[in-house]
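**Q** any chance you could fold what I've pasted below:
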Amino acid sequence: MDPANDALLRNAGTARERQPGEDGDVLDLESAIARNTKRLRAQLGLSVGDMAARVGISKAMLSKVENAQTSCSLSTLALLARGFDVPVTTLVRGAESERPASFVAAGQGAPIVRRGTQRGHEYQLLGSLPGEHKRLESLLVTLNAASELNPLFQHPGTEFIYVLSGEMVYGHGRSSYRLGPGDSLQFDGEGAHGPLELVTLPVTFLSVIAFPDATL
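**A** Alright, predicted model coming up:
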């Protein structure tokens with residue numbers, strides 16, 4: 001694996017190959033820790049004995065962990081996480097209860113009125129999740145001939161837009177960007193932003209806003 005890609009995976013999560021016929025399963029805690037421990041050790045290319053020495057536990061204990069024959073104490077989990085240089089959550093990944101997801105069929109996004117919306121700016125909410133995930137807002141935006149130009153939006157957090165069709169000039173602060181299908185722009189939402197010129201209509205783009213923790 002490329003070292004740069006490996007660093008990204010370690011910081012952002014994990015990835016593994018799904019075996020034929022395998023479901024996206026939710027494991028019991030011991031089995032999840034066993035699978036993740038084996039995988040991480042294999043990535044390092046270390047034997048059970050060498051890994052145990054690196055972690056600071058006995059070879060017998062590590063073998064029991066990898067075979068789901070023991071319930072890890074918090075102190076053992078902490079030692080494993082430090083030895084593998086990963087968060088503790090990486091070791092228990094797969095044991096959590098089912099995670100929520102939100103599916104929106106094509107054309108079924110709920111129409112909403114965004115604060116500061118100008119005439120001709122259509123917004124569809126592309127789903128939301130309960131709890132902490134409400135900090136993320138995903139919108140499908142459509143601009144047409146009736147759309148007013150130069151609305152200035154400002155909000156906390158970071159926004160990412162991805163153009164699906166049409167072409168426009170989009171402003172952020174003192175800069176402007178000509179965006180067409182496949183182009184994207186990510187920016188600080190506190191900077192005044194919005195479409196400056198609609199070049200080819202209609203313009204449709206995805207807008208994803210990640211709000212700070214205290215915003216919603």
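**Q** when you work out contacts or count neighbours from here on, use the C-alpha atoms and nothing else.
**A** Fine.
**Q** run through who's touching the helix or strand containing E137.
**A** For E137, the element it lies in under DSSP states H and E is strand 136-143. By C-alpha atoms under 8 Å, 6 or more residues apart in numbering, the residues outside strand 136-143 that reach it are 109, 120-128, 201-211.
**Q** which of those residues fall in strands?
**A** Judged by DSSP state E, those include 121-125, 201-210 as members of strands.
**Q** between the residues you listed, which is closest to P87?
**A** Checking those against P87 with C-alpha to C-alpha, the nearest one is A210 at 23.0 Å.
**Q** alpha carbons only: can I get the top helix by length along the chain in CSV?
**A** Secondary structure of the chain read by DSSP state H shows that its longest helix is helix 29-44. Extracted in CSV, the C-alpha atoms of helix 29-44 (Å, rounded to 0.1, in the frame of the first residue of the first chain):
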residue,chain,number,x,y,z
LEU,A,29,-17.4,-7.1,20.5
GLU,A,30,-14.8,-9.9,20.9
SER,A,31,-15.1,-11.0,17.3
ALA,A,32,-14.7,-7.4,16.1
ILE,A,33,-11.6,-6.8,18.2
ALA,A,34,-10.2,-10.1,17.0
ARG,A,35,-10.7,-9.3,13.3
ASN,A,36,-9.4,-5.8,13.6
THR,A,37,-6.3,-6.9,15.6
LYS,A,38,-5.4,-9.6,13.1
ARG,A,39,-5.8,-7.1,10.2
LEU,A,40,-3.7,-4.4,11.8
ARG,A,41,-1.0,-6.9,12.7
ALA,A,42,-0.9,-8.2,9.1
GLN,A,43,-0.6,-4.7,7.8
LEU,A,44,2.5,-4.3,9.9
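**Q** what pairs with the strand holding E137, parallel or antiparallel?
**A** strand 121-125 (antiparallel), strand 193-210 (antiparallel) (DSSP bridges).
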